[in-house]
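Compute the structure for the input listed below.
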Amino acid sequence: MLASLTRAARRRVLAFAAVLLAVCGVLLWWLAPFGPATPSGSITFSTGVPSGVYQRYGELLKQAMAKELPDVSITLKNSEGSQQNLARVASGEADFTVATADAVAQYIRDRRPGFERLRGCARLYDDYVQLIVRKGSPVTQVSDLRGLRVGVGQDGSGVRLIADRVLAAAGLTPDRDVRAEPVGIDTMPALLERGELDAFFWSGGLPTQAVQSLAERFPVRLVPMDEDLVDALRGVGASTRHYRSAVIPADAYAKAQDGQAVETLAVANLMVTTAEADPDLVEGFTRSVIGSRDSIGSRVHPAQLVDLRTAVYTEPLTLHDGARRYYRSVKP
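Model (predicted):
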């Protein structure tokens, strides 16, 4: 039939067919769900204590994710810290959280409920252990805390886990040799300022706003924890291999350090979810974590240290399939 038409008519028919094909293609693209479906629904993110880095990081990450995953509603839930965060995710009370690698390793070692469900999304920034005392305090090393009132973090926090281990490494039994106070970073600075604490431990990114604010209004200093203490710490028990020697830069808390760097130890933070989490959701969540590094880092300094090159290393957790898919998509 097409052969019987004039050349001009044939051109008109072919042009019409091309337009029709293009229109059909557009309609098919519009109607058919090509590619992965955009995740939707509600999730809970377990953060940390008020004024801590986890809590502030969670607030800003929620804002960043509103652009990346607009159909996902995120609820933030304060917590005592890493240990409680892991219990929440493992039990299904929360969907995502941040926890230190040592707390994760201990949770797995203790085979606590739901430990086998835990998966990693990203290795984030390092926490630095900070021991803060008044500037005139006679405490120059951890062993000098014997008999003193020491803030050690809330029972469900990663601070409590590491404070107990540091005290033990220094030859002190937390429940016998010091007056351990199970309080968090939201109250410890004020207690020290009022003379109700002689010292307190904190483990967080640098700088932590609560410590920085304290140093700016009250004379405090940081107590060093040298490499010998870190070596002793590794011999305290299992799950301590995630600690490394580190240095708090001289300008982290300028008024508390008098231009001096301070020896300490550090441990990595991990973004945690469960094996059952939707891969599309985890992929988008991980993309937001990495993509929001600079915007969040301008307001929460530790976030600047999130690095795509190391984020994939979530040991002791297996990397979630959705997170793995993201890292493969951006692999050069």
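
Can you list the helices and strands that the helix or strand hosting residue 75 packs against?
Assigned by DSSP states H and E, residue 75 belongs to strand 72-77. Applying 3 or more CB pairs under 8 Å, 6 or more residues apart in numbering; DSSP states H and E, we find strand 72-77 packed against strand 41-46, helix 53-68. Placement of C-beta: from N, CA and C, glycine included.

ok, residue 46 - contacts?
77, 79, 84-85, 88-89, 93-94, 96-97 (CB atoms under 8 Å, 6 or more residues apart in numbering).

Tell me which of the residues you listed fall in helices.
84-85, 88-89 (DSSP state H).

List the buried residues for stretch 194-212?
By neighbour count on 16 or more other CB atoms under 10 Å, the buried set for stretch 194-212 is 197-212.

Tabulate the CA atom coordinates of that stretch in CSV.
Output in CSV follows, covering the C-alpha atoms of stretch 194-212 (Å, rounded to 0.1, in the frame of the first residue of the first chain):
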residue,chain,number,x,y,z
ARG,A,194,29.3,23.5,89.8
GLY,A,195,31.9,21.3,91.5
GLU,A,196,29.6,18.3,91.6
LEU,A,197,32.0,16.3,89.4
ASP,A,198,35.8,16.2,89.5
ALA,A,199,36.1,15.0,85.9
PHE,A,200,34.1,13.5,83.1
PHE,A,201,34.6,11.3,80.1
TRP,A,202,33.2,12.0,76.7
SER,A,203,33.7,10.2,73.4
GLY,A,204,32.7,12.2,70.3
GLY,A,205,33.7,14.1,67.2
LEU,A,206,35.9,17.1,67.3
PRO,A,207,34.9,19.6,68.5
THR,A,208,31.8,18.6,70.5
GLN,A,209,29.7,21.7,71.0
ALA,A,210,29.0,21.0,74.7
VAL,A,211,32.7,20.7,75.5
GLN,A,212,33.6,23.7,73.4
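
and the residue most central in space within the chain, what are its bridge partners?
Central residue of the chain (CA atoms, centre = their mean): residue 98, 3.8 Å from the mean position. Counting by DSSP bridges, residue 98 forms beta bridges with residue 271.

my guess is it meets residue 289, correct?
No: counting by CB atoms under 8 Å, residue 98 stays clear of residue 289, with 9.9 Å between them.

show me where pLDDT drops low in the protein?
1-37, 237-239, 332 (pLDDT under 70).

which residues in it form helices?
Going by DSSP H, the chain shows helices at 7-31, 53-68, 82-91, 101-109, 158-169, 174-177, 188-193, 209-217, 227-234, 254-257, 279-291, 293-297, 308-311, 321-329.

Adding distance to residue 47, write those helices out as a markdown table.
Below are the helices of the chain laid out as a markdown table (distance: least, CB to CB, whole Å):
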| stretch | distance to residue 47 |
| --- | --- |
| helix 7-31 | 39 |
| helix 53-68 | 4 |
| helix 82-91 | 8 |
| helix 101-109 | 15 |
| helix 158-169 | 13 |
| helix 174-177 | 26 |
| helix 188-193 | 18 |
| helix 209-217 | 14 |
| helix 227-234 | 27 |
| helix 254-257 | 26 |
| helix 279-291 | 14 |
| helix 293-297 | 13 |
| helix 308-311 | 19 |
| helix 321-329 | 20 |
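
and of those, who's closest to residue 152?
helix 158-169 (4.1 Å; CB to CB).

Domains in the chain, by residue range?
For the chain, automatic domain parsing gives the domain ranges 41-125+269-329, 127-268.

Give me the angle between the strand holding residue 75 and helix 82-91.
Interaxial angle of strand 72-77 relative to helix 82-91 (axes from the mean of the first three to the mean of the last three CA atoms, to 10 degrees): 140 degrees.

residues touching the closest residue to residue 103 other than its chain neighbours, list them.
Excluding the flanking residues, the one nearest residue 103 by CB to CB, 6 or more residues apart in numbering is residue 82, at 3.8 Å. Neighbour list for residue 82: 98-100, 103-104, 157-158, 161 [criterion: CB under 8 Å, 6+ apart].

swap the cut-off to 6 Å and go again
99-100, 103, 158 (CB atoms under 6 Å, 6 or more residues apart in numbering).

how far away is the residue found closest to residue 121 once you drop the neighbours it is linked to in the chain from residue 197?
Nearest residue to residue 121, sequence neighbours excluded (CB to CB, 6+ apart): residue 271, at 4.0 Å. Residue 271 sits at a distance of 32 Å from residue 197 (criterion: CB to CB, to the nearest Å).

Likewise for residue 205?
22 Å.
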